[in-house]
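*Asks:* Quick one, what's the 3D model for this:
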Amino acid sequence: MTAFAVISDAVLIPFYPQFFLGRYGVESAVHVGAYVAAISIAVMCTLPFWARLSRRVEPLHLLVYTQFAAGCFSVLSLWAQGVAAYWVLSMLMFICKSSYLLMYPYLMRLEPPEKHAGTIGLLSVVVHFGAISGAVVGGFVMETWGPSGSILAMAAGDFFQMAVCFHLIRSGRMVRVNAAAAPAEEAVAVAWFRKLRIRLSILRLALVMLVFDAGVYLVRPFFAVYWQQVSGQDSELLAGAAFAIPGAVAVLALFINARIRASGGRLPNHTSGNLLLGIAGLLLQAAPHVELIVIGRCLYGWAVFQIVVKLDVFLFRMSTPQHYAQDYSITNFFQNLGVLLSSFAAGAVVERYGLSVPFVLGAIAFALAAVLARLLLAAPAAEPQEASVTVREVPARAD
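*Replies:* Numbers count the residues shown, from 1 in each chain. Model (predicted):
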């Protein structure tokens, strides 16, 4: 279900410049950046609402209605005559669609803390796999059926998620989490100042995530166009495949991590080391040579996977099961703020300085994230079972 959600999201992400040009004749890079930024605003503002609502309504019940609404808005946008109408309908679609992010904290509540790292890695790969499939499928759909086909592909993904949730509920396979929340919350109730310490720790982590995600998303909106320019190939399918290389590397990284974990070895998840690797990958992609871009995307994909897993493990160590959705919505807010800033910056930077500059700025953002991680997350992390933990109380270092 998560894979289909990501696929339906990724169908258009690498192709918004071609989408707006082909459907509405809009070729402004700033417009594309603003649209991607608006998506981030919609998600960051509505996820906290869905997280709060999920404490009263079982997440799967909620998703049945929200994904149905997202699919309907997506289909309606097919008949949008102008850019303004498409903006309104597609933003309503993303507002409803964002509720699928609740599945992440929901699944983590079902897993014991000692399995969180493996589960996060698996879900991260599912997300990357979805990005791979979405980019390739998106390129194929755009090339074969045009922008209208891409809209229908996104709607199909929403209706599929609704059907999966409905099936799980009707078949009795749904695990209720709200019924057990009240007594569990009483058992782990902590003083208000200890809760404040947890929130401050979450905010420190969220700040690192903001800068890191800004670096990641700076290079995404215009990568397909950049690849087509450097390679001299107009194929959207080939551009989608190049866009998906980091996702393929993430699958390999998950396999390697699983083998190392099974043998009791040390995982290659050194935060500063992986950020430096990511910087090298981004700078290689700035070079106008296909071979260097491919090598750079491999290094970048490895680094991003390891860092994403490490930061999410920190999050769930600091939080408590009853607050997973709420704390996740906080970090997600900052992550989307990073996406928002980078999307605006990407459009303006590309229009003024060219397509390769976002890679250099992404490398600078990674360097800043390395400094912040060293300063804010360099102390030991919290025990997962305890609610009163801060970053400075956990036994592992950020790097």
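*Asks:* Output the below-cut-off pLDDT ranges for the stretch 251-399 of the chain.
*Replies:* In the predicted model of the stretch 251-399 of the chain, residues 378-399 satisfy pLDDT under 70.
*Asks:* S124 and L311 touch, don't they?
*Replies:* No - S124 lies out of contact with L311 (C-beta atoms under 8 Å); the separation is 10.5 Å. (C-beta placed from N, C-alpha, C; glycine too.)
*Asks:* any idea how far the nearest residue to Y16 once chain neighbours are set aside is from A155?
*Replies:* Spatially, and ignoring its direct neighbours in sequence, Y16 is nearest to V32 (4.9 Å; C-beta to C-beta, 6 or more residues apart in numbering). Separation of V32 from A155 (C-beta to C-beta, to the nearest Å) stands at 21 Å.
*Asks:* Which one's more surrounded, those two?
*Replies:* Per other C-beta atoms under 10 Å, whichever of V32 and A155 has more neighbours is V32, with 25 against 21.
*Asks:* ok, the more buried one - contacts?
*Replies:* V32 is in contact with Y16, P17, F20, P221, F222, G347, counting by C-beta atoms under 8 Å, 6 or more residues apart in numbering.
*Asks:* how about the residues you listed in a markdown table, adding secondary structure and distance to A5?
*Replies:* Supplementary listing: those in a markdown table, determined by DSSP: H, G, I helix; E, B strand; the rest coil; distance: C-beta to C-beta, whole Å:
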| residue | secondary structure | distance to A5 |
| --- | --- | --- |
| Y16 | helix | 19 |
| P17 | helix | 24 |
| F20 | helix | 23 |
| P221 | coil | 20 |
| F222 | coil | 24 |
| G347 | helix | 26 |
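*Asks:* from those, which single one is nearest P112?
*Replies:* Within the contacts of V32, proximity to P112 (C-beta to C-beta) peaks at P221, which comes in at 38.7 Å.
*Asks:* which helices and strands does the helix or strand encompassing G138 pack with?
*Replies:* Element membership for G138 (DSSP states H and E) is helix 116-170. Contacts defined by 3 or more C-beta pairs under 8 Å, 6 or more residues apart in numbering; DSSP states H and E place helix 116-170 against helix 2-10, helix 16-24, helix 59-76, helix 83-97, helix 103-110, helix 236-243, helix 245-262, helix 290-318.
*Asks:* for the fifth one, packing partners?
*Replies:* For helix 103-110, the packing partners by 3+ C-beta pairs under 8 Å, 6+ apart come out as helix 2-10, helix 59-76, helix 116-170, helix 324-353.
*Asks:* let's see it at 10 Å
*Replies:* Counting contacts by 3 or more C-beta pairs under 10 Å, 6 or more residues apart in numbering; DSSP states H and E, helix 103-110 packs against helix 2-10, helix 59-76, helix 116-170, helix 290-318, helix 324-353.
*Asks:* and Y217, which of the ones you listed is closest to it?
*Replies:* Proximity to Y217 (C-beta to C-beta) singles out helix 324-353 among these, at 4.4 Å.
*Asks:* Just the buried positions in the closest one, please.
*Replies:* Neighbour counts over helix 324-353 (16 or more other C-beta atoms under 10 Å) mark 324-347, 349-350 as buried.
*Asks:* Equivalent analysis for stretch 264-276, please.
*Replies:* Buried, per 16+ other C-beta under 10 Å, within stretch 264-276: N269, H270, T271, S272, N274, L275, L276.
*Asks:* could the residues you listed go into CSV alongside distance to A117?
*Replies:* Shown next, in CSV, are these (distance: C-beta to C-beta, whole Å):
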residue, distance to A117
N269, 9
H270, 15
T271, 14
S272, 19
N274, 15
L275, 19
L276, 22
